[in-house]
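J.: Any chance you could fold what I've pasted below:
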Amino acid sequence: MKIAVTIPNRDIKLVRHFIIHCSDSDRPEDDNIKAIREWHLERGFLDVGYHFFIPKNGVIEQGRNLWQVGAHCAGYNTYSIGICLSGKKDFAERQFSACATLIKKIHSLYPTTNFRPIRPHNYFNDTKTCPNFDVKLIEKYL
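T.: Below you'll find the model as predicted:
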């Protein structure tokens, strides 16, 4: 007997954080949301854990729906939006710019939500190096 498990929905007004991640891969074949989804499904996730993925070309790809709780930062998933930039050591300015544009768009869609500054994944988990770049590279476009 197979039991269906679904990703819980949340009230977007609970969201406080934009948590920035990296894919930890510079391989061209990993530069898309499909690859990330496959990795997460192999790890037992119900879907890709991030809400958005930004490949090297800067074109934003949708992951989980914003109304769904993410699976990207233990203890903070209910209260955050997970954004992953493709890369380990190599990132493109267009990725940082696209990330800032995405954040501004979400702010405009939910103006009454009390968003806090963007944070790197390692802000919440000091054993991580993710996102492997300084989020000030995104903030300069905000």
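J.: Could you give the number of residues near Phe133?
T.: Number of residues near Phe133 (other Cβ atoms under 10 Å) recorded here: 19. C-beta: built from backbone N, CA, C; applies to glycine.
J.: Against Ala35, how distant is the closest residue to it other than its chain neighbours?
T.: Leaving aside its sequence neighbours, Phe133 sits nearest to Phe91 (Cβ to Cβ, 6 or more residues apart in numbering; 5.6 Å). Between Phe91 and Ala35 the computed distance is 17 Å (Cβ to Cβ, to the nearest Å).
J.: contacting residues around Leu142?
T.: With contact taken as Cβ atoms under 8 Å, 6 or more residues apart in numbering, Leu142 is in contact with Ala100, Ile103, Lys104, Ile118.
J.: cool, and Asn57?
T.: Residues in contact with Asn57, defined by Cβ under 8 Å, 6+ apart, are Ala92, Arg94.
J.: Now do the SS call for it.
T.: At Asn57 the chain is in coil, as set by DSSP: H, G, I helix; E, B strand; the rest coil.
J.: what's the closest non-adjacent residue to the most centrally placed residue in the chain?
T.: Nearest to the centroid of the C-alpha atoms of the chain, with distances taken as Cα atoms, centre = their mean, sits Ile83, at 1.8 Å. When the adjacent residues along the chain are set aside, Ile83 lies closest to Phe52, with 4.8 Å between them (Cβ to Cβ, 6+ apart).
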